[in-house]
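A.B. asks: Below is the sequence, then the predicted model.
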Amino acid sequence: MPGNLNAATIVNVAREQITALTGMPVDTVSRVLRDTNGWMLDLELLEMKRIPDSNDVLATYQVHLDADGNLMSFLRTNRYYRGQVRQ
């Protein structure tokens, strides 16, 4: 049923779409929010794998999906090292 997707389904759809577009794997989902316009998610993507893992470069992407799970927009909002303390 259109517009009746649950959070788990939306997370899977968002992960698939952002990975297909960027070529980078999703490391973590840090936010899922449903509003009247659809869904907003923050996904942490692995932009650069390094040794040791604490030096991996990650980035936060804000992803907006409509109520049917169609990607409306995405934006990189932050880059950081995995071992970096963030506030």
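C.D. replies: Cool, the structure landed. Not measured: the values here are computed from a predicted model.
A.B. asks: So residue 33: helix, strand or coil?
C.D. replies: Each residue gets one of three states, and residue 33 gets strand by DSSP: H, G, I helix; E, B strand; the rest coil.
A.B. asks: check which helix or strand covers the most centrally placed residue in the chain.
C.D. replies: In the chain, the C-alpha closest to the average C-alpha coordinate belongs to residue 43, at a distance of 2.2 Å (C-alpha atoms, centre = their mean). Secondary-structure element containing residue 43, defined by DSSP states H and E: strand 38-48.
A.B. asks: Pull out the buried positions in that strand.
C.D. replies: With burial defined by 16 or more other C-beta atoms under 10 Å, the residues of strand 38-48 counted as buried are 38-47. Just so you know, the C-beta spots here come from the backbone N, C-alpha and C atoms, and that holds for glycine as well.
A.B. asks: repeat for stretch 44-60
C.D. replies: Those would be 44-47, 56, 58-60, for stretch 44-60 by 16+ other C-beta under 10 Å.
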